[in-house]
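Peer 1: Below: sequence and its predicted model.
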Amino acid sequence: MKTSRSKLYEKSFLIKRYLNLRTLISSIVFMIGIIMLNIMVNPRTIFYINAIVLTAIPLAFLGLAELFVLLTGEVDISVGAGLTLANVIPVYAYLYLGIDDFRFCLIHIAVGLALGFINGILVGLLRIKSFLATLATSFVWTGLALIVLNKPEGPVPEWFAKAFSRGIFGIPMTVIGLLLLISIWLLFRFHVISLHFYAVGSDPYASYIAGINVNLIKLYAFTLNGFMIGLSALFMTGIINSGDPRIGLPFMLSAILAAILAGARFTGGTGDGIAVIAAAIGLTFMRNLLFSLGIPFYQQDLAYSIIVLGLIAVVMYLRRMR
């Protein structure tokens, strides 16, 4: 029989292997710090924490989507455009095709998966540089979104809107979203394929020598990326109760920053999903902080983008200094 000491050692080994505690703690500190700044500037923020966290869920899904490809040493520039297309197509299907049952939710996922699979073919099988491939597809997704809906339109099915306003079986959508995010990451992290993701990002050549199909892993990464984009769009549709052909434009940089704050590198092989969730919540509260500081609405996107770019530069500089 195993002694209590050996069991404790095994548990600590699993924690070290599957959780990057340093990255996780830094992301949580960042999140808590931004939340406290919000409360200090506007004490009433404490009454809206649930609503603000709900608006962070789509970004958290996009951050995970970005993390999955960054783990393999690739990047997806099209996550924001993909979110947009996966948002407008289901709304169009409801408004003009009368699809108002469970298929309305499935369309979000199906569109996201299709977009991710296409990117995966371009990068994983055709071996086009991910930056160029996803930059090109971002323009395609944006153009298609404008063709589907050239202006914001709504509403969404009533049952769907009620689910986001009242919850499901009394469980708030904020809780459901967070549990879904954590569950997906843990299922991925404790599956052997996650080790292949990390291995491919750390050293593609050594992974190939070890028998890992590097190109197939990258296809899987982008397909999983697309699945997360679909879930992000599903929550975004429920939050805004409409389809908006420009809703995803501000999310690309934020998704990349959330992944970078969670330990991801453009060279691949590092990153933690739980930390991505914390970073996404912190970034959402940062945008709310700009509102609380009284910055005009038309200047908030500019200010937020400058802050995001500054944070990316600082994080990358600090990593080079190590």
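Peer 2: Now that the structure is in, tell me what you want to look at.

Peer 1: Which residues does stretch 190-202 contact?
Peer 2: With Cβ atoms under 8 Å, 6 or more residues apart in numbering as the test, stretch 190-202 has contacts from 18, 68, 70-73, 188, 206-207, 210, 212, 214, 217-218, 220-221, 267-270. For every residue, glycine as well, the C-beta is placed using N, CA and C.

Peer 1: what comes up buried for it?
Peer 2: Under the neighbour-count criterion of 16 or more other Cβ atoms under 10 Å, stretch 190-202 has 194, 196, 197, 198, 199, 200, 201, 202 buried.

Peer 1: just for this protein, where's the confidence low?
Peer 2: Residues of the chain that meet the criterion pLDDT under 70 lie in 1-20, 318-322.

Peer 1: top helix in it by residue count?
Peer 2: Secondary structure of the chain read by DSSP state H shows that its longest helix is helix 214-240.

Peer 1: any idea how far residue 236 is from the residue positioned nearest the centre of the chain?
Peer 2: Nearest residue to the geometric centre of the chain (Cα atoms, centre = their mean): residue 62, 1.8 Å. With the distance defined as Cβ to Cβ, to the nearest Å, residue 62 ends up 9 Å from residue 236.

Peer 1: Touching both of those two, which residues are there?
Peer 2: Counting by Cβ under 8 Å, 6+ apart, the contacts common to residue 62 and residue 236 are residue 83.

Peer 1: report the angle between the axes of the helix or strand encompassing residue 85 and helix 214-240?
Peer 2: Remark: residue 85 resides in helix 79-97, with elements defined by DSSP states H and E. Going by axes from the mean of the first three to the mean of the last three Cα atoms, to 10 degrees, helix 79-97 is angled at 60 degrees with respect to helix 214-240.

Peer 1: which secondary structure elements does helix 79-97 contact?
Peer 2: Where contact means 3 or more Cβ pairs under 8 Å, 6 or more residues apart in numbering; DSSP states H and E, helix 79-97 is packed against helix 49-70, helix 103-120, helix 130-148, helix 214-240, helix 251-261.

Peer 1: and residue 111, how far is that from residue 144?
Peer 2: Here residue 111 is placed at a distance of 10 Å from residue 144 (Cβ to Cβ).

Peer 1: that older thread, hmm, residue 231 and the residue nearest to the centre of the chain touching each other?
Peer 2: No - Residue 62 lies out of contact with residue 231 (Cβ atoms under 8 Å); the separation is 9.4 Å.

Peer 1: how about the nearest residue to residue 37, chain neighbours excluded?
Peer 2: residue 289 (5.8 Å; Cβ to Cβ, 6 or more residues apart in numbering).

Peer 1: how close does that neighbour get to residue 295?
Peer 2: 9 Å.

Peer 1: ok, these two, which is more surrounded?
Peer 2: The residue with more neighbours, out of residue 289 and residue 295, is residue 289; 20 against 14, by other Cβ atoms under 10 Å.

Peer 1: need the contact list for the more buried one.
Peer 2: Contact analysis of residue 289 by Cβ under 8 Å, 6+ apart lists 34, 37, 38, 41.

Peer 1: again with residue 43
Peer 2: By Cβ under 8 Å, 6+ apart, residue 43 lies in contact with nothing.

Peer 1: Contact partners for the closest residue to residue 42 other than its chain neighbours?
Peer 2: Take residue 42 and drop its neighbours on the chain: the residue closest to it by Cβ to Cβ, 6+ apart is residue 292, 4.1 Å away. Residues near residue 292 by Cβ under 8 Å, 6+ apart: 38, 41, 42, 45.

Peer 1: Same check on residue 39?
Peer 2: Neighbouring residues of residue 39 by Cβ under 8 Å, 6+ apart: 45, 46.

Peer 1: could you redo the last one with a cut-off of 10 Å?
Peer 2: When contacts are counted by Cβ atoms under 10 Å, 6 or more residues apart in numbering, residue 39 touches 45, 46, 49, 285, 292.
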